[in-house]
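**Student:** generate coordinates for the sequence data below:
(chains A and B)
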Amino acid sequence: MEYAIKTENLVKKYGKNFTALDNVSIEVGKGDVVGYVGPNGAGKTTTIKILSKLIRSTSGHAYIDGVDVNKAPREAFYKVGALIEVPGIYDYLTPHEMLTYFGKVYRMGNDQIDRRIKETLELVELSAWEHKKIGAFSTGMLRRLVLTKAIFHEPEIVLLDEPVLGLDPAGIVEVRELIKRFHSGGMTIFLSSHLLGEVAEVCNRVIFLNKGRVIASDSIKNIESNMKYSVINVRFLEPLSDERLEALKSVQLINGVELEDNIARIQFDGELETSSRILRQLVSLDYEIVSYSLESMDLEDYYISIMNENKGAD
Amino acid sequence: MASWGVMKGELYDIYLSTAFELRKHLRRRRLLIIAALAILVPLIFYATTPDTAGRFSIASLRFLSILMIISAAMFAGDAISGEFESKTGLLLFPTPQSRTSIFVGKYIAALITTFLVATLYYIIMVLQTIHLYGASEIPPELAQSYLTASIYVTSVVSVVFFFSSILKRSIASTILGFVLLMLVLPVVSGVLSSQDIEPWFIVTYSGELIISVLGQRSLFVGPGGRVTLETYGPDFGPGIAVMAVYTVVSFVASVLIANRKGME
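**Tutor:** Prediction:
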């Protein structure tokens, strides 16, 4: 398989005592949108900075489309667009001036630069600001502008490091939508984030990183299908009396019950068949049920469970 | 063949970086401010007009060194450190452009602007000389002074550029470069001279050639202050060589250091 991004045993040490990355080997397939997830300080930004030649690794290799970024950076970086952390921006320039410069760096012709300025600024809804000084932009506008710079030369691969950092909820939604649009255009996206909702929404694969080590990696589909649903939420027509609650707790397949008003959280073994049998029993015991649903486990729960496992391993 | 292609690419990147940097200087109005100074400062010398055109040139050129150092500090002081401090490097560096071509372009832009400032100063001064004394009175040594100033420009820009590569904060690199060239090195020169040691290896001492080629030896210790030397004055050849060494060593060291600097 051809990989858009690949690292081999990447190690980054700061001094003798701190290891930011400890033999990190990751692979991102072409056309994938991969979330790179971990708590603050896990090594996400360090990995992306090595991939984008902002820092050097202590050892190991980083490849972009099969090209070693340290050996042939020029070749590697024609294919990559990057948005790393919250970059500073030349606020005395206009988007037109800034993008024209980067267009020339990517050896785009004048016509192509003009076309892409129109296209990308329209995409991020900044067309009206093309010739305005960047210093007058809001945080959300700046974020959208630097995203524009990342995709300006129509790269095959985009590295995004915490792309919604510092944005308000509306800005976050806008950026997520943009990422989805980039992917639908065929780009490979490597997205570092500590926001699991964002990753679950836009990525098809996820790599979990903790303390500089990769602790898990799988497709979102696999993760979701492997998640166990161990709680059923049942809403009754009326709050249960103490007697009815005790009767509920005594149902053989139920492991425990938490009741709040007329809603019960029923713990069971997680098997779908058991859930079905519990429902049948409740109906046969004349409980007046309004709704009956499995409490879904999300990426956040999965993350917490693997982090706990990792803690245990340490 | 392939290496020529790479070289062509690098040269084009240097050109792009230089043009982008000049555009930024224009947008930030720094160039306009320093150009205004280059035009206005020589006009001050209308207030006192010496009896000869040579003396007028010497009086006027005393301020040129200061202006060149201000210009170098303004245009080279934050050239490298600014990209790291303000994190604009996060936009600039992850591209096919090599850091070397980016920094060389920045250096050339600082050189061009400071050179333009010096040139503008000389033009105004020559026009004043023509106005006050007539075209025939222009000292022929002025051309040599101008060429010396052009070489001095490269050394002061390189020294400030070096500080920009080693320091994290642009204000620190700007001030340190300025203070070193304006104060520390002239004071050291003065102290060494007073101890009967010729400070031939100090670049600001070599910078005195700009005036001494017109027939006067003097050492600046700061704006407005001057110590006239009875014994020492820079010789032309060694003086130019010292400037060249400062230029090459500081510039090469700057680029090497900046290339190794991590964007943490």
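
**Student:** count the neighbours of the closest residue to residue A:98 other than its chain neighbours for me.
**Tutor:** Nearest non-adjacent residue to residue A:98, counting by C-beta to C-beta, 6 or more residues apart in numbering or on different chains: residue A:90, 6.2 Å away. Heads up, the C-betas are built off the backbone N, CA and C, glycines and all. Neighbour count for residue A:90, taken as other C-beta atoms under 10 Å in any protein chain shown: 21.

**Student:** buried stuff in stretch B:235-242?
**Tutor:** B:239-240, B:242 (16 or more other C-beta atoms under 10 Å in any protein chain shown).

**Student:** roughly how far apart are the closest residue to residue B:65 other than its chain neighbours and chain A?
**Tutor:** Distance criterion C-beta to C-beta, 6+ apart; nearest residue to residue B:65, sequence neighbours excluded, is residue B:207 at 5.6 Å. As for residue B:207, its distance to chain A is 32 Å (criterion: C-beta to the nearest C-beta, to the nearest Å).

**Student:** mind listing what residue B:207 touches?
**Tutor:** B:65, B:152, B:155-156, B:243 (C-beta atoms under 8 Å, 6 or more residues apart in numbering or on different chains).

**Student:** quick one on the thing from earlier: adding pLDDT, write the buried residues of stretch B:235-242 out as a markdown table.
**Tutor:** Converted to a markdown table, those look like this (pLDDT from 0 to 100):
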| residue | pLDDT |
| --- | --- |
| B:239 | 95 |
| B:240 | 96 |
| B:242 | 97 |
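
**Student:** now those as JSON lines including distance to residue A:204 and secondary structure?
**Tutor:** Listed next are the buried residues of stretch B:235-242 as JSON lines, based on distance: C-beta to C-beta, whole Å; DSSP: H, G, I helix; E, B strand; the rest coil:
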{"residue": "B:239", "distance to residue A:204": "67", "secondary structure": "helix"}
{"residue": "B:240", "distance to residue A:204": "65", "secondary structure": "helix"}
{"residue": "B:242", "distance to residue A:204": "63", "secondary structure": "helix"}
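
**Student:** what is the nearest of those to residue B:92?
**Tutor:** residue B:242 (33.7 Å; C-beta to C-beta).

**Student:** wait, the closest one sits on residue B:199?
**Tutor:** No: counting by C-beta atoms under 8 Å, residue B:242 stays clear of residue B:199, with 9.9 Å between them.

**Student:** would you tell me what helix or strand residue A:7 is located in?
**Tutor:** Residue A:7 belongs to strand A:3-14 when assigned by DSSP states H and E.

**Student:** which secondary structure elements does that strand contact?
**Tutor:** strand A:18-29, helix A:44-51, strand A:59-64, strand A:157-161, strand A:188-193 (3 or more C-beta pairs under 8 Å, 6 or more residues apart in numbering or on different chains; DSSP states H and E).

**Student:** flag the shaky bits of chain B, pLDDT-wise.
**Tutor:** B:1-2, B:216-231 (pLDDT under 70).

**Student:** likewise for chain A?
**Tutor:** In chain A (pLDDT under 70), the answer is A:1, A:228, A:296-297, A:311-314.

**Student:** in it, which spans are strands?
**Tutor:** For chain A, strands defined by DSSP state E occupy the ranges A:3-14, A:18-29, A:33-37, A:59-64, A:67-68, A:80-83, A:157-161, A:188-193, A:205-210, A:213-219, A:231-236, A:256-260, A:263-267, A:289-294.

**Student:** so which elements touch the third one?
**Tutor:** Contacting strand A:33-37 under the criterion 3+ C-beta pairs under 8 Å, 6+ apart are the following elements: helix A:44-51, strand A:188-193, helix A:196-202, strand A:205-210.

**Student:** what does chain A put close to chain B?
**Tutor:** Within chain A, the positions adjacent to chain B are A:49, A:52-56, A:73-75, A:77-78, A:80, A:82, A:84-90, A:92-93, A:97, A:101-102, A:104-106, A:146, A:149, A:159 by C-beta under 8 Å from any C-beta of the partner chain.

**Student:** only whichever of these are buried, select them in PyMOL.
**Tutor:** A single PyMOL command selects the buried members of the residues of chain A next to chain B (16+ other C-beta under 10 Å):
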select buried, chain A and resi 49+52+53+54+55+73+77+78+80+82+84+85+86+87+88+89+90+93+97+101+102+104+105+106+146+149+159
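
**Student:** so which of the residues of chain A next to chain B sit within helices?
**Tutor:** Counting by DSSP state H, those place A:49, A:73-75, A:77, A:97, A:101-102, A:104-105, A:146, A:149 in helices.

**Student:** what's the neighbour count on residue 139?
**Tutor:** As the question left the chain open, I've gone with chain A. For residue A:139, the neighbour count with other C-beta under 10 Å is 13.

**Student:** hmm, no, I was thinking of chain B.
**Tutor:** With other C-beta under 10 Å as criterion, residue B:139 counts 21.

**Student:** name the helix or strand for it, please.
**Tutor:** Using DSSP H and E, no helix or strand contains residue B:139.

**Student:** the one 4 residues further on too?
**Tutor:** Using DSSP H and E, residue B:143 maps to helix B:142-166.

**Student:** ok, the spatially closest residue to residue A:301 that is not a sequence neighbour to residue A:166 distance?
**Tutor:** Once flanking residues are discounted, residue A:301 sits nearest to residue A:227: 7.1 Å by C-beta to C-beta, 6+ apart. Computed as C-beta to C-beta, to the nearest Å, the residue A:227 to residue A:166 distance reads 31 Å.

**Student:** which one's more surrounded, the two?
**Tutor:** residue A:227 (16 against 13).

**Student:** what about the helices in the stretch 101-250 of chain B?
**Tutor:** Secondary structure of the stretch 101-250 of chain B (DSSP state H, counting those that start in this stretch): helices at B:142-166, B:170-179, B:185-194, B:203-206, B:209-212, B:236-260.

**Student:** if we look at the last one, which residues are touching it?
**Tutor:** If I follow you right, that is helix B:236-260. B:80, B:99-100, B:103-104, B:107, B:148, B:151-152, B:154-155, B:158-159, B:161-162, B:164-166, B:200-203, B:205-209, B:213, B:234.

**Student:** quick check: residues of the stretch 1-150 of chain B near chain A?
**Tutor:** Residues of the stretch 1-150 of chain B found near chain A (C-beta under 8 Å from any C-beta) are B:6, B:9, B:13, B:16, B:20, B:23-24, B:27-28, B:86-91, B:93-98.

**Student:** do the stretch 151-264 of chain B as well
**Tutor:** B:262-264.

**Student:** out of the residues you listed, list just those in strands.
**Tutor:** Counting by DSSP E, these contribute nothing to strands.

**Student:** contact partners for residue B:41?
**Tutor:** Taking C-beta under 8 Å, 6+ apart as the definition, contacts of residue B:41 comprise B:63, B:67, B:121.

**Student:** secondary structure element for it?
**Tutor:** Counting by DSSP H and E, residue B:41 is part of helix B:30-44.

**Student:** surely residue A:4 and residue A:186 touch.
**Tutor:** No: the pair residue A:4 / residue A:186 is not scored as a contact, 11.1 Å apart, by C-beta under 8 Å.

**Student:** neighbour count winner among the two?
**Tutor:** Counted by other C-beta under 10 Å, residue A:4 and residue A:186 do not tie: residue A:4 has more neighbours, with 24 against 10.

**Student:** list the beta-bridge partners for the nearest residue to the more buried one once chain neighbours are set aside.
**Tutor:** The shortest distance from residue A:4 to any non-neighbouring residue, by C-beta to C-beta, 6+ apart, is to residue A:188 (3.9 Å). Beta-bridge partners for residue A:188, by DSSP bridges, are residue A:157.

**Student:** count of residues packed around residue A:188?
**Tutor:** 25.

**Student:** what do you get for residue B:10?
**Tutor:** 16.

**Student:** whichever helix or strand it is part of: which residues count as buried?
**Tutor:** Using DSSP H and E, residue B:10 sits within helix B:2-27. For helix B:2-27, burial by neighbour count (16+ other C-beta under 10 Å) applies to B:9-10, B:13-14, B:16-18, B:20-25, B:27.
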